[in-house]
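# Take this sequence and fold it.
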Amino acid sequence: MTTGDAPRRWDRTMRRRLARGEAAALGELYDHYGSLVHGLAHRVLDDEQAADRVTREVFAHVWEHADAYDPAREPLRTWLAALTNRLAVRRLRATETAALALGGPGSSEDLERKVRHATVTARADYIVQAMPAPLRAALELAYFQRRDYRQTAADLSVTEDEARRRLRLGLQLLATARTPPPDPGAAP
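Residues are numbered from 1 along each chain as shown. Okay, the predicted model is just below:
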């Protein structure tokens with residue numbers, strides 16, 4: 001068994017447990033992914049209470065529609081992130097549309113720009129959190145501490161070529177944040 005099989009096995013087991021209605025499984029799932037879901041929702045909505053509501057909606061959806069998740073298609077983490085983004089964007093659009101209807105500032109173009117920006121930001125955050133620790137560490141050194149590849153190599157005790165490779169791969173992964181994810185197909 002490869003190391004990639006263990007998470008997929010956990011995902012399949014979790015789906016079966018949720019489908020059987022095991023409340024303990026929902027608690028375990030929340031413990032495992034609650035901060036990810038809340039963080040992504042907060043990133044899109046920039047509102048703590050709205051992020052709390054979306055987090056509850058996501059886990060309620062999972063509880064009520066456990067069969068909507070297909071472990072053969074994607075990891076549970078990815079499915080939850082896509083579901084969170086979809087529900088958060090829906091809430092953002094509803095909130096902004098209501099504000100526009102009441103004569104608030106902005107336009108529908110501003111709303112769509114805000115939604116696109118929030119979606120890209122949330123995807124970038126998810127990508128960084130999901131990438132392997134060596135890539136994340138290299139990006140954090142280069143971005144937050146403004147290290148060049150030589151300094152990054154020294155800080156990580158790797159060769160300069162390895163530091164360049166990690167930075168290049170990390171940036172390539174981040175560049176995919178602008179590409180919309182495939183539609184998971186399951187409407188909430």
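# count of neighbours near V158?
17 (other Cβ atoms under 10 Å). The C-beta positions use only the backbone N, C-alpha and C, and glycine is treated the same way.
# Same question for T13.
12.
# roughly how far apart are it and A68?
Distance, T13 to A68, by Cβ to Cβ, to the nearest Å: 17 Å.
# what does N85 give?
N85 sits 15 Å away from A68, going by Cβ to Cβ.
# between these two, who's got more neighbours?
Ranked by neighbour count (other Cβ under 10 Å), N85 and A68 place N85 first, with 24 against 16.
# and the more buried one, what element?
Using DSSP states H and E, N85 sits in helix 76-101.
# in the protein, which ranges drop under the pLDDT threshold?
Counting by pLDDT under 70, the ranges of the chain that qualify are 1-6, 97-108, 111, 180-188.
# domains in this protein, as residue ranges please.
What automatic domain parsing lists as the domains of the chain is 5-130, 131-188.
# Contacts only, for the residue minimising distance to the centre of the chain.
Centre of the chain computed as the mean C-alpha position; nearest residue by Cα atoms, centre = their mean is Y126, 3.6 Å away. Counting by Cβ atoms under 8 Å, 6 or more residues apart in numbering, Y126 makes contact with 36, 40, 81.
# what's the following helix or strand after the helix or strand containing it?
Y126 belongs to helix 108-130 when assigned by DSSP H and E. Once the chain leaves helix 108-130, the next helix or strand it forms, by DSSP H and E, is helix 133-144.
# Which residues does the helix or strand just after that next one contact?
Note on helix 133-144: by DSSP H and E, the next helix or strand toward the C-terminus is helix 149-156. Applying Cβ under 8 Å, 6+ apart, the contact partners of helix 149-156 are 134, 137-138, 141-142, 147, 159-160, 162-164, 166-167.
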